[in-house]
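Undergrad: Give me a model of this one.
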Amino acid sequence: MSTKLQNLFKRLLGLALVGVLLGLLACTGLPPPSARSAAAEKCVAQGGTWDGEHVRIPEGYCAKGTSAQCQAAGGRWERVCMMGTLACVKPYPDANKACADGRECTGRRCLMAPGASPQTAPQVGRCIPNDNPCHFGINLENGRPVPTAVAD
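TA: You can find the predicted model right below:
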């Protein structure tokens, strides 16, 4: 095989590999790096935090606020809910105060004590400790457990 033919073959093979790689990238559903970088810049410019390292959202997303803003407001910047998105979780002033109904709590949720059984007699629970939207627990109303939906 002549050198000229070998060089042509190498170029064609290289172009084919580039085509395959671009095809695979298109199949991932991820926006091109330039689009992700533009989205990240826009997010930060609007005061958010770009989370490009999220396991379940590989294309990245813009979380509201920043870690510094959260800490300044007395919260903790952490991953919440089943999706594990970033959020500022702030404690309530009456966290874990004894209660029988969510109306007695700043966070409007009174949680049944862990391990308590759903009984007919009124029981005492504890006020939800923070504003995590996916804080799990069974709510009490008038000292009795009620079906509870979680935001997740």
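Undergrad: Okay, domains of the chain per the record?
TA: 31-90, 92-152 (automatic domain parsing).
Undergrad: nearest to T3, of the ones you listed?
TA: domain 31-90 (36.5 Å; C-beta to C-beta). From N, CA and C alone the C-beta is placed, and that goes for glycine too.
Undergrad: pLDDT averaged over the closest one - what is it?
TA: For domain 31-90, the mean pLDDT works out to 89.
Undergrad: distance between that domain and the chain's centre?
TA: 8 Å (C-alpha atoms, centre = their mean, to the nearest Å).
Undergrad: Kindly report the same for stretch 92-104.
TA: 26 Å.
Undergrad: can you pull the buried residues of that stretch?
TA: Counting neighbours by 16 or more other C-beta atoms under 10 Å, one finds that the buried residues in stretch 92-104 are 92, 94, 97, 99-102.
Undergrad: Among those residues, which pair sits farthest apart?
TA: Greatest spatial distance in the buried residues of stretch 92-104: Y92 and A100, 16.8 Å, computed using C-beta to C-beta.
Undergrad: picking up where we left off before, switch the domains of the chain over to CSV; also include distance to T3.
TA: Below are the domains of the chain laid out as CSV (distance: least, C-beta to C-beta, whole Å):
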stretch, distance to T3
domain 31-90, 36
domain 92-152, 63
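Undergrad: Pick out the residue closest to the middle of this structure.
TA: Central residue of the chain (C-alpha atoms, centre = their mean): T85, 1.1 Å from the mean position.
Undergrad: What residues does it make contact with?
TA: Shown in contact with T85 (C-beta atoms under 8 Å, 6 or more residues apart in numbering): 51, 54, 57, 61, 63, 79.
Undergrad: Using JSON lines, lay out those residues together with distance to C127.
TA: What follows is those, written out as JSON lines (distance: C-beta to C-beta, whole Å):
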{"residue": "D51", "distance to C127": "30"}
{"residue": "H54", "distance to C127": "31"}
{"residue": "I57", "distance to C127": "32"}
{"residue": "Y61", "distance to C127": "31"}
{"residue": "A63", "distance to C127": "27"}
{"residue": "R79", "distance to C127": "23"}
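Undergrad: which of those are buried?
TA: 51, 54, 61, 63.
Undergrad: Among those residues, which pair sits farthest apart?
TA: Distance extremes for these: the farthest pair is H54 and A63 at 9.2 Å, using C-beta to C-beta.
Undergrad: which residues of the protein fall in strands?
TA: For the chain, the strands defined by DSSP state E occupy 49-51, 61-63, 76-80, 85-89, 98-99, 110-111, 125-127, 140-141, 144-145.
Undergrad: All good on my end, thank you.
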